[in-house]
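Novice: coords please:
(one chain, ligands or ions: 1)
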Amino acid sequence: MNQEIETLIKLQKMDISIDSLKNKAKEIPLCIEKTKTDFETKNTNLESLKQELARIQLDKKQKEMDLHTKEEERKKHQSELNKVKKNDQYFALQKEIDQLGKDISVIEDGILNMMDSIETVNTKMKQEQDLLKQEEGKLGQEINRFTGELESINKAIADQETQRREITATIPAESLTLYERIRKSKKGMAVAEVMKNNSCGGCHMTLPPQVVNEVRKLDRLVLCESCSRILFWKGE
Ligand SMILES: [Zn+2]
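Specialist: Now for the predicted structure:
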């Protein structure tokens with residue numbers, strides 16, 4: 001095969017490889033973003049537990065204040081009890097004191113229940129925090145893996161671009177310009193093989209016999225009449 005067309009085929013293979021590496025490199029930051037977002041959603045369990053804890057603590061504080069008020073009231077009535085002279089006043093006061101006692105014990109039960117709930121939520125939060133810590137470790141590893149992958153891809157791109165420069169230096173300027181122009185307009189594929197049925201490997205149109213003959217002669221670069229790609233013949 002003609003040296004020039006062979007070099008162009010080599011160049012095309014290299015360009016396809018560089019393009020695919022560049023696409024991979026573009027995807028990696030997106031993968032990192034997605035991994036981070038996934039981790040954030042795992043954080044929401046802990047957030048809702050924190051909110052639940054704050055709510056119970058607030059309720060508990062409210063109940064403790066109620067308890068304090070009722071206890072003060074009971075104390076006040078108990079001291080009044082010694083001062084009243086009339087029986088009906090005494091009984092009325094005693095009744096109020098009894099009612100306050102009942103209220104106080106209901107509030108105390110409520111506070112005990114809340115303390116249990118706080119303990120339960122705290123346990124759940126501890127578990128959730130442990131889980132998140134593990135997930136955070138995994139997240140770090142994932143990000144390191146992606147970063148490492150990106151580094152090696154970038155290195156491969158740099159290596160291949162060096163090789164590419166070495167290859168392009170051996171191609172006549174006119175042919176290289178032609179190649180670059182077609183590659184740009186055809187989104188990557190500038191060189192196409194003449195297939196066994198004499199069609200163009202790029203656009204699949206059947207090539208006239210004289211064109212196929214021209215390609216096989218290897219005297220000059222021959223372009224496909226319909227897609228303008230540079231044609232080559234692999235041989236029998
Ligand atoms: Zn074609």
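Novice: Now do whichever strand or helix holds Ile157, average pLDDT.
Specialist: Ile157 is part of helix 87-168, with elements assigned from DSSP states H and E. Summarised as a single mean, pLDDT over helix 87-168 is 96.
Novice: Output the contacting helices and strands for it.
Specialist: Secondary-structure packing of helix 87-168 (3 or more CB pairs under 8 Å, 6 or more residues apart in numbering; DSSP states H and E): helix 3-42, helix 44-81. To be clear about C-beta, it is placed using only N, CA and C from the backbone, and glycine gets the same treatment.
Novice: Quick check: buried residues in the shortest one?
Specialist: Taking 16 or more other CB atoms under 10 Å as the basis for neighbour counts, the residues of helix 44-81 that come out buried are Leu46, Leu49, Glu52, Leu53, Ile56, Lys60, Lys63, Asp66, Leu67, Lys70, Arg74, His77.
Novice: chain center to it, what's the gap?
Specialist: 43 Å (CA atoms, centre = their mean, to the nearest Å).
Novice: contacting residues for the residue positioned nearest the centre of the chain?
Specialist: Geometric centre of the chain, nearest residue: Lys34, 0.4 Å, by CA atoms, centre = their mean. Lys34 sits next to no residue when contact means CB atoms under 8 Å, 6 or more residues apart in numbering.
Novice: ok, it to Thr41 distance?
Specialist: From Lys34 across to Thr41, the span is 11 Å (CB to CB, to the nearest Å).
Novice: now do Glu174
Specialist: The value you get for Glu174 to Thr41, if CB to CB is used, is 57 Å.
Novice: What average pLDDT does stretch 27-45 get?
Specialist: On average, stretch 27-45 scores 92.
Novice: CA atoms only for that stretch - export them in PDB, please.
Specialist: Below are the C-alpha coordinates for stretch 27-45, written out as PDB (Å, rounded to 0.1, in the frame of the first residue of the first chain):
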ATOM      1  CA  GLU A  27     -17.400  11.800  31.600                       C
ATOM      2  CA  ILE A  28     -15.300  11.400  34.700                       C
ATOM      3  CA  PRO A  29     -16.200  14.700  36.400                       C
ATOM      4  CA  LEU A  30     -19.900  13.900  35.800                       C
ATOM      5  CA  CYS A  31     -19.300  10.500  37.500                       C
ATOM      6  CA  ILE A  32     -17.700  12.200  40.500                       C
ATOM      7  CA  GLU A  33     -20.600  14.600  40.700                       C
ATOM      8  CA  LYS A  34     -23.100  11.800  40.700                       C
ATOM      9  CA  THR A  35     -21.300   9.900  43.300                       C
ATOM     10  CA  LYS A  36     -21.300  12.900  45.500                       C
ATOM     11  CA  THR A  37     -25.000  13.600  45.000                       C
ATOM     12  CA  ASP A  38     -25.800   9.900  45.800                       C
ATOM     13  CA  PHE A  39     -23.900  10.400  49.100                       C
ATOM     14  CA  GLU A  40     -25.800  13.600  49.900                       C
ATOM     15  CA  THR A  41     -29.200  11.700  49.600                       C
ATOM     16  CA  LYS A  42     -27.900   9.100  52.200                       C
ATOM     17  CA  ASN A  43     -27.400  12.100  54.500                       C
ATOM     18  CA  THR A  44     -31.100  12.900  54.600                       C
ATOM     19  CA  ASN A  45     -31.900  10.100  57.000                       C
END
